[in-house]
Each structure stands twice: as structure tokens, then as C-alpha cells.
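In: Whatever this is, show me its structure:
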Amino acid sequence: MFDLLPDRLPWFVGGPVLGLLIVGLFVLANQPLGASGAYVQTSGLLRKRDGIVIWRVWYFVGLFVGGLLVTQVFRTGAEVRSGYDALREVFPLGVVIPMVFFGATLLGYGAAVAGGCTSGHGMCGTAQRSPASVAVTATFMTTAILTTLALRVVTGGSL
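Out: Here you go, the predicted model:
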């Protein structure tokens, strides 16, 4: 079945579907869609905290399990992949591991300071016309562009 699907969903299909999902979630539950919120809810469930929104836990589990199934199980000739092959072609493993760890730490810190993740602010917060989300989205997009430029310069265009 997965052989019928393209490697990537076209933007003109995925974008509107995601937009309808976000609007539908606001209409039905009056809640934004965001990965860090799902992580926080899952963490709270594991710590037996009150006030857990269970659909967010299932969303978090679905992100992990769905990604694992599609990338590792349902691919023909299933191979274990790290997702950092482009980095590994340019940098040795001893450099890639600290880079990924440092990047993930910065991402988690940024999500905590900003009160949400890039998907939550970029898609849901800006849809709600939140000035804070617009500022956060402008900041992470600018940072991403500058980081990509820096990597291109440092690697001579290999990345």
C-alpha cells in the first residue's frame, strides 16, 4: 500500500489539509495543535498529573509510532536510518552527535521559553493572530535561514 504513496506529499495537498485540521480542531475543541503541548500532556500522564487532555497524548504517540512505521517498517527493504544522512556525509559521527544533541537542547529550551513549539506558534498561534506567535515565528524562521546560510558557507555548499 505504501508503494502507492509518493515520497513527499505535495505542499498544495498537505497545506490545505493541515489548515483544515487546525481550523477543525479550533471549532471542535477550541484548542491549538502543537507537538510540544502533546509532549507536555504525555509527560503529565506518565507523572500521574491531573487535567490531562488525552487526545494530545494519543497525538504524541501517533506522531512517534506513525513516523516509525512509515520510515522503518513499511518501506521496501526496510533499513534503519538516522535521518541525518546529509550531515553524516559532510561531518564525522563524533561531530554529528554533539550537533544534534546541542540542537535538540536549544529546541527544547526555546519551546519552553516561547511557551510552545514551532508548529504550535507558526501554524496555530499565527492563525489566532497572536502577536507573540508572530514574533516567535519570525525569530525561528530568521534563525533557520541564517543557520542554513552558515552551514552552506562552512561546508562549501555540501549541505
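In: Number of residues surrounding Gly122?
Out: Neighbour count for Gly122, taken as other CB atoms under 10 Å: 19. Any C-beta I mention is one placed from the backbone N, CA and C, and that applies to glycine too.
In: ok, it to Val100 distance?
Out: Distance of Gly122 to Val100, given as CB to CB, to the nearest Å: 22 Å.
In: before we move on, what about Gln128?
Out: 32 Å.
In: and if you look at Pro92?
Out: For Pro92, the distance to Val100 (CB to CB) stands at 13 Å.
In: Out of those two, name the residue with the larger neighbour count.
Out: Applying other CB under 10 Å to Pro92 and Val100 shows that Val100 carries more neighbours, namely 14 against 9.
In: from what I can see the more buried one touches Gly83, true?
Out: No: checked against CB atoms under 8 Å, the pair Val100 and Gly83 is beyond contact range at 9.3 Å.
In: so where's the chain uncertain?
Out: The model of the chain has pLDDT under 70 over residues 1-7, 75-82.
In: what does the domain assignment say about it?
Out: The chain breaks down by automatic domain parsing into domains covering 1-81, 84-159.
In: most tightly surrounded among those domains?
Out: Highest mean neighbour count among the domains of the chain (mean count of other CB atoms under 10 Å): domain 84-159, with a mean of 14.
In: How about the secondary structure of Gly157?
Out: coil (DSSP: H, G, I helix; E, B strand; the rest coil).
In: Torsion angles phi and psi at Val57?
Out: Backbone torsions of Val57, given as degrees, to the nearest 10, read phi -60, psi -50.
In: Put the alpha carbons of the longest helix anywhere in the chain into PDB.
Out: As assigned by DSSP state H, the longest helix anywhere in the chain is helix 131-154. In PDB, the C-alpha atoms belonging to helix 131-154 read as follows (Å, rounded to 0.1, in the frame of the first residue of the first chain):
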ATOM      1  CA  PRO A 131       1.500  38.900  18.400                       C
ATOM      2  CA  ALA A 132       3.800  36.700  20.500                       C
ATOM      3  CA  SER A 133       3.400  33.800  18.000                       C
ATOM      4  CA  VAL A 134       4.100  36.100  15.100                       C
ATOM      5  CA  ALA A 135       7.300  37.300  16.900                       C
ATOM      6  CA  VAL A 136       8.400  33.800  17.700                       C
ATOM      7  CA  THR A 137       7.700  32.600  14.200                       C
ATOM      8  CA  ALA A 138       9.700  35.400  12.700                       C
ATOM      9  CA  THR A 139      12.500  34.600  15.100                       C
ATOM     10  CA  PHE A 140      12.700  30.900  14.400                       C
ATOM     11  CA  MET A 141      12.400  31.400  10.600                       C
ATOM     12  CA  THR A 142      15.100  34.000  10.600                       C
ATOM     13  CA  THR A 143      17.300  31.700  12.700                       C
ATOM     14  CA  ALA A 144      16.700  28.800  10.400                       C
ATOM     15  CA  ILE A 145      17.600  30.800   7.300                       C
ATOM     16  CA  LEU A 146      20.800  32.200   8.900                       C
ATOM     17  CA  THR A 147      21.800  28.700  10.100                       C
ATOM     18  CA  THR A 148      21.200  27.200   6.700                       C
ATOM     19  CA  LEU A 149      23.300  30.000   5.200                       C
ATOM     20  CA  ALA A 150      26.100  29.400   7.700                       C
ATOM     21  CA  LEU A 151      26.100  25.700   7.100                       C
ATOM     22  CA  ARG A 152      26.300  26.300   3.300                       C
ATOM     23  CA  VAL A 153      29.300  28.600   3.800                       C
ATOM     24  CA  VAL A 154      31.100  26.200   6.300                       C
END
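In: All good on my end, thank you.
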